[in-house]
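K.L.:
Got a sequence here, can you build the structure:
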Amino acid sequence: MAHQERVVALLRQPNSMIAEGFAFMEAQFVALHEDIYVAQPKGFEDPVHPNHVYKLRKAFYGLKQAPRVWYEQLTQYLLHHGYDRGSVDKRLLVKTTRNHVTIAQIYADDIVFGSTLQKYTDDLVEVMNKEFEMSIVGQMTYFLGLQVKQSSEGYFISQKKYAKNLVKKFELESSKTPRTLISTSTKLSKDDAGPPIDSTVYRSLIGSLLYLTASRPDIMFSFGMCARHQSAPKKSHLIAAKRILKYVRGTIKYGIWYSKESELSVTGYCDADWAGNIDDRKSTSGGCFFVGKELSIMAEQETKLNFSEHS
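P.N.:
Okay, here's the model as predicted:
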């Protein structure tokens, strides 16, 4: 929980800055810890030794082992400079200096970083540039499909562009937008007697909605109900899944707001539908936790309840 509190503290600072650093080819030329051989490139074979192979001295961009090697070297470099690895997310590195915090989040060959004090952000850039060739693009506005709006009051994270593309992909641009995700009277089941549908299309829709839950926790429960039926989807399941997407179309601007004025108190909520699955009588339980006013963690799990009679 300590790392979460530090990150929330970072978001609360009025002068904090989150920047996105890109490390492309130059950063991928890092030392290997294993022997790797590659065939000679076509058109560039050695005329004297046409059947020989090359032994790599360093990883290069495009090599399957390159992301892992790059991540290991970058992580060890930051740990050496006083950063601590996250206990849950190992790609999150945090450094505390007096009352300020600096974070670096690694994703493949991209890094999102920032600090509660501009000096420490500049120090991180200086430290990174000593070891790697990097391009700093400035304040983060878009990352991995997430749109980020930063202001003096806080941060708003959404997937408006992704949601629009999703609506267009499944040809629901002119559909009516329901006011709710799913009817309260709807109970999805295996629907063995229902007409089957193309499972590829259904799984594509479910997979697309799954990524949307990153900024739309409001659709998670209804999405979970639809996601259970990917092995043998029926028309009723597709109708329910498309209703979620229609709802998203009407709430396309929704997202998650992180205010800088939140307290660091932790509050949790949980609930269950008590044997809501009409096929096997399993219960779906869910919970969410807030750090101050901001949603921090949201989870859902299906559990089978055992009933017994007592005389």
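K.L.:
residues near Pro196, how many?
P.N.:
Residues near Pro196, counting by other CB atoms under 10 Å, number 12. Yep, even glycine has a C-beta here, placed from its N, CA and C like the rest.
K.L.:
Now do the same contact list for it.
P.N.:
By CB atoms under 8 Å, 6 or more residues apart in numbering, the contact list for Pro196 reads 232-235.
K.L.:
Please apply the same query to Tyr162.
P.N.:
Contacts for Tyr162 (CB under 8 Å, 6+ apart) come out as 145, 211-212.
K.L.:
so which of the contacts of Pro196 is the most crowded?
P.N.:
Neighbour counts for the contacts of Pro196 peak at Pro233, which has 23 neighbours (criterion: other CB under 10 Å).
K.L.:
Would you check how far apart it and Tyr202 are?
P.N.:
Pro233 sits 4 Å away from Tyr202, going by CB to CB, to the nearest Å.
K.L.:
thinking again about what came up before, quick check, nearest of the contacts of Pro196 to Arg85?
P.N.:
Here the nearest of the contacts of Pro196 to Arg85, counting by CB to CB, is Pro233; it sits at 40.5 Å.
K.L.:
for that closest one, what are its contacts?
P.N.:
Residues near Pro233 by CB under 8 Å, 6+ apart: 196-197, 199, 202-203.
K.L.:
now those residues: which count as buried?
P.N.:
Neighbour counting with 16 or more other CB atoms under 10 Å marks 197, 202 as buried within these.
K.L.:
want to throw the contacts of Pro233 into TSV with secondary structure, distance to Phe289 and pLDDT?
P.N.:
Output for these, formatted as TSV (DSSP: H, G, I helix; E, B strand; the rest coil; distance: CB to CB, whole Å; pLDDT from 0 to 100):
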residue	secondary structure	distance to Phe289	pLDDT
Pro196	strand	39	93
Ile197	coil	37	94
Ser199	helix	35	92
Tyr202	helix	31	95
Arg203	helix	30	95
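K.L.:
which among the contacts of Pro233 gets closest to Ile239?
P.N.:
Nearest member of the contacts of Pro233 to Ile239, counting by CB to CB, is Ile197, at 9.7 Å.
K.L.:
Hmm, Leu238 and that closest one touching each other?
P.N.:
Yes - if you go by CB atoms under 8 Å, Ile197 and Leu238 touch, sitting 5.2 Å apart.
K.L.:
now Gln150, nearest residue through space, not along the chain?
P.N.:
Gln139 (6.3 Å; CB to CB, 6 or more residues apart in numbering).
K.L.:
Report whether the expected contact of the one you found with Lys149 is present.
P.N.:
No - assessed by CB under 8 Å, Gln139 is found out of contact with Lys149, at 10.4 Å.
K.L.:
okay but Val148 is in contact with Gln159, surely?
P.N.:
No - with contact defined as CB under 8 Å, Val148 does not reach Gln159; the gap is 10.6 Å.
K.L.:
okay, these two: which has more neighbours?
P.N.:
Taking other CB under 10 Å, Val148 and Gln159 do not tie; Gln159 has more neighbours (24 against 19).
K.L.:
How many residues are close by the nearest residue to that one once chain neighbours are set aside?
P.N.:
Leaving aside its sequence neighbours, Gln159 sits nearest to Ser215 (CB to CB, 6+ apart; 4.8 Å). Residues lying near Ser215 (other CB under 10 Å) number 21.
K.L.:
List the buried residues of stretch 145-152.
P.N.:
Across stretch 145-152, burial judged by 16+ other CB under 10 Å covers 146-148, 150.
K.L.:
Any chance of TSV for those, columns pLDDT, distance to Lys190 and secondary structure?
P.N.:
As requested, these are exported to TSV (pLDDT from 0 to 100; distance: CB to CB, whole Å; DSSP: H, G, I helix; E, B strand; the rest coil):
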residue	pLDDT	distance to Lys190	secondary structure
Leu146	88	35	strand
Gln147	92	38	strand
Val148	89	40	strand
Gln150	85	46	strand
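K.L.:
can you tell me which two in the residues you listed are farthest apart?
P.N.:
Using CB to CB, the pair of those lying farthest apart is Leu146 and Gln150, separated by 12.5 Å.
K.L.:
Could you chop the chain up by domain?
P.N.:
Following automatic domain parsing, one gets these domains for the chain: 2-140, 160-254, 265-303.
K.L.:
Would you map the helices across the chain?
P.N.:
Using DSSP state H, the helices found in the chain span residues 2-12, 25-28, 66-80, 118-131, 160-169, 199-212, 220-227, 235-250.
K.L.:
Let me know the angle separating the last one from helix 160-169.
P.N.:
So that's helix 235-250. Helix 235-250 runs at 140 degrees relative to helix 160-169, counting by axes from the mean of the first three to the mean of the last three CA atoms, to 10 degrees.
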